[in-house]
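In: Show me the folded form of this:
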Amino acid sequence: MRWIGKDVPRKEGKDKVTGASRYIDDITFPDMLYGVTVRSETSRGILQRTVFEEGIPWEEFTQVTCKDIPGNNYVALIETDQPYLADGKINHPLEAVLLLAHPDKYLLQEARRKVSLEVDPLPPVYDIEESLNQKEIVWGKDNVFKEYLLEKGDIDQVWEKADHIIEGEYKTGAQEQLYIETNGIVAVANPEEGVTVWGSLQCPYYVHKALMALFDLPADKIRVIQTTTGGGFGGKEEYPSMIAGHAALLAWKSGKPVKLIYDRLEDLAATTKRHPSLTRHKMALSSEGKILGMEIDFVLDGGAYATLSSVVLSRGTIHAAGPYLCENVRVRARVVATNTPPHGAFRGFGAPQSIFALERHLDKAALQLNLSKEELRRRNFIQEGQLTATGQVINEKVSLADLMTKAMEKSDFQKKKEQFHSENKKNKYIKRGIGLSSFFHGAGFTGSGEAYLESMLGMEATKEGKIRILSASTEIGQGTNTIFSQIAAEALGIEYDLIEISVPDTALVPNSGPTVASRTCMIVGKLVESAAIQVKEILRQSGFLASTYSSSEFSKACQSYLDKFSQLRVFSKYKQPTNIKWDDQTYRGDAYGAYAWAVYVAEIKIDLRTYETTVEDFVALQEVGKVIHPTLAAGQIEGGVAQGIGYGLYEKVVWDKGQMINNQMTNYIMPTSADIGKIRVFFEEAPYAHGPAGAKGIGELPLDGVAPAISSAIENAIGLDIPEIPVTPETLHEYWVSRKVNS
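Out: Next up is the predicted model:
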């Protein structure tokens, strides 16, 4: 291939490195106001009144409460439970109550500090177990946002046949996306022209849908434009609908443009994070180490409102049994309400939580069966032709055993395992260990999700003889613009520089679905390929393009076609492959069109004087179909591993009465380049028939297996089975002291 598999220059790279790219804070308008949000500090209660203190010229301020909303006071997503502005009830300590706007941003901040809220408190719920106990009902009838039951075989008859029954409980904490650029929106709105917003966001049509409901306006009166975006990782999937609504409400009432941008403290405290989890495992095994049954109770903390919790739970549920053959499975999964700010999307989308629990439980089982961790996995890897927990037949050419062999070779696993065991006996304080994880990740929306979306992509010829791709898929640092251009150039047989990407603007591009779920390359990229084939066929059938042609001849053909017909534009719509069958009621069938597969190996060092754990070497081996852009793909893996290291070792959200209190980058500790060690990335390629040039999803996979591999290495180093993350120095010290006391 000429363009696929090549390291071409990034489409937007030049603009970013020269400073030409315009981020949301670079956008200004004449007479523009600045906006802020006044929030509750109470976790749960009834709002009695708002007090405006003296010393502020309040008559100069635009003020918006729930009474000023022209349409529906809810963020239109899956449920309609989350208000834009509190209407009497307070359900978390960052609940938005009042919006203020003023031309002087400094006076605006002073004014926000001069507003106080009088709230009659109600008993709050702060964690999963409190919510499950239902002493206080804070959402619905039972605090449960969503529940799934996934069953395969007959788990109840397994236990008496098992040689070993192993139980365990595992916890994961919240994690902040910590994108470089905070959330921000600029809005222009009035009853005559409608609402237009510019924003740092992932999913323009999510915001579009939400604003239609908020203002009770038709689709053509709402316009959403993505600006250059400094990272998202899921944190700008659903939350921009909230901040866009706030900015637009202020613009609507004031009649002036409004810019609303969070500082880091507010962004950390108020926006969504990865869901904390609690997982209980019960596993039946034979004496030979075959998994006979798995019973899994998987619970997520959703926070105060539903947001995307149901689909996060869905993916976590489907991945809970992992890439292992097991004839008898029951996964009971729930996401429950608490009085913290809502949790939402984050790279991996529920899978890192359930995969962590499963991989740690397998390590526990291996120890009890006196098998090596790698051998237990080898004996249970699912293979081509076998059924997953949802009953999906694996039709891919996959061999996790081969991946494991290669990962162990590249990491020198056995040699280092023996070496560290010997060295650790001699060194009192410095201990080294090596651990692994094996996992998979489904690409695209779950089950019938892609069929429901019916994603659409457009492509058109320009008067300059170039091809422009019309897509709502956003470039948020991961390389969308580049890989789409590679796919189109390859399919058309023309130069990469002849491809342009339209700005994601709901007035100009069709709804190609959200930029989430490892779907952009595999699903929307396939639409790019399909549209390119259509363009080429139209030019040939019209007689403007010969069967063989150069790039210049292609450009001339486009120009000639436009001279005659004025427009050359095609649309490609997603059609689910006929072999994909899914039942939403029974949660059975083909959960994903394809899976990416991986084996990760972590090498760590522990200093028992400080209880610090450091990753020294990390081998990430994955099969992701055809790799479109090797450098970008490797960057995706390296970035995911780095975030996974943070998830496993450093990033602890500290809560106090439902509020994050370490909401600064000085005390929310994320790994820097000095903390992640050497990350070595390797790919295997097994092209997927329904992906562009054989590509599968890649973006979420790398985060899934990092934390369990690190925890496995910690256990290898010091013999401590720590069933929770992050394993901060404080956590490690607590378990270390506890073991000494108990022994």
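
In: drop to CA atoms for contacts and neighbour counts, all remaining ones
Out: Will do.

In: Correct me if wrong, but residue 63 is in a helix.
Out: No - read with DSSP: H, G, I helix; E, B strand; the rest coil, residue 63 is strand and lies in no helix.

In: That one: what's it in contact with?
Out: Residues counted as contacts of residue 63 (CA atoms under 8 Å, 6 or more residues apart in numbering) are 98-101, 250.

In: which of those residues count as buried?
Out: Among the contacts of residue 63, the ones that count as buried by 16 or more other CA atoms under 10 Å are 98-101, 250.

In: Pipe these into JSON lines and attach secondary structure and pLDDT per row.
Out: Supplementary listing: these in JSON lines, determined by DSSP: H, G, I helix; E, B strand; the rest coil; pLDDT from 0 to 100:
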{"residue": "98", "secondary structure": "strand", "pLDDT": "98"}
{"residue": "99", "secondary structure": "strand", "pLDDT": "98"}
{"residue": "100", "secondary structure": "strand", "pLDDT": "98"}
{"residue": "101", "secondary structure": "strand", "pLDDT": "98"}
{"residue": "250", "secondary structure": "helix", "pLDDT": "99"}
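
In: Give me the three-state assignment for residue 737.
Out: When the structure is split into helix, strand and coil by three-state DSSP, residue 737 lands in helix.

In: Pull the number of nearby residues for it.
Out: When neighbours are counted by other CA atoms under 10 Å, residue 737 registers 11.

In: What confidence value was assigned to the residue nearest to residue 180 when sequence neighbours are not counted?
Out: In space, and not counting its chain neighbours, residue 180 is closest to residue 230: 5.7 Å by CA to CA, 6 or more residues apart in numbering. Residue 230 is assigned a pLDDT of 97 by the prediction.

In: Pretty sure residue 230 sits against residue 476.
Out: Yes - the pair residue 230 and residue 476 passes the contact test of CA atoms under 8 Å, sitting 6.3 Å apart.

In: Who has more neighbours out of these two?
Out: residue 476 (21 against 17).

In: And the helices in the stretch 451-600 of the chain?
Out: Counting by DSSP state H, counting those that start in this stretch, residue ranges of the helices within the stretch 451-600 of the chain are 480-492, 525-541, 551-565.

In: can you check the stretch 301-450 of the chain too?
Out: With helices called from DSSP H, counting those that start in this stretch, the stretch 301-450 of the chain shows them at 309-319, 351-368, 373-378, 400-411, 413-426, 449-453.

In: Can you tell me which of the ones you listed is nearest to residue 472?
Out: Proximity of those to residue 472 was assessed by CA to CA; the nearest stretch is helix 449-453, lying at 12.8 Å.

In: Restricting to C-alpha, output that closest one in PDB.
Out: As requested, the backbone C-alpha atoms of helix 449-453 are provided in PDB (Å, rounded to 0.1, in the frame of the first residue of the first chain):
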ATOM      1  CA  GLY A 449     -25.300   0.500  19.000                       C
ATOM      2  CA  GLU A 450     -23.700   1.100  15.600                       C
ATOM      3  CA  ALA A 451     -26.900  -0.100  13.800                       C
ATOM      4  CA  TYR A 452     -28.900   2.300  15.900                       C
ATOM      5  CA  LEU A 453     -26.500   5.200  15.200                       C
END
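
In: Name the residues that touch that helix?
Out: By CA under 8 Å, 6+ apart, the list of residues contacting helix 449-453 reads 444, 513, 574-576.

In: Among those, which pair sits farthest apart?
Out: Pairwise across the contacts of helix 449-453, and taking CA to CA, the largest span is found between 513 and 576, at 14.2 Å.

In: Neighbour count for these two, which is higher?
Out: residue 513 (25 against 17).

In: Just read off the phi/psi values of that one.
Out: Residue 513 has phi and psi values of phi 90, psi 170 when expressed as degrees, to the nearest 10.

In: about what we covered before: need the helices of the stretch 301-450 of the chain in a markdown table (columns: mean neighbour count, distance to residue 723 and mean pLDDT).
Out: Putting the helices of the stretch 301-450 of the chain into a markdown table (neighbours: other CA atoms under 10 Å; distance: least, CA to CA, whole Å; pLDDT from 0 to 100) gives the following:
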| stretch | mean neighbour count | distance to residue 723 | mean pLDDT |
| --- | --- | --- | --- |
| helix 309-319 | 25 | 18 | 98 |
| helix 351-368 | 25 | 7 | 98 |
| helix 373-378 | 20 | 16 | 98 |
| helix 400-411 | 18 | 23 | 98 |
| helix 413-426 | 14 | 21 | 98 |
| helix 449-453 | 15 | 33 | 92 |
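
In: Let me know the pLDDT of the residue nearest to the spatial centre of the chain.
Out: Relative to the mean C-alpha position of the chain, the nearest C-alpha, by CA atoms, centre = their mean, is the one of residue 347, at 2.7 Å. Residue 347 carries a pLDDT score of 98 in this model.

In: For this protein, give me the ranges with low pLDDT.
Out: Judged by pLDDT under 70, the chain has its weakly predicted residues at 743.
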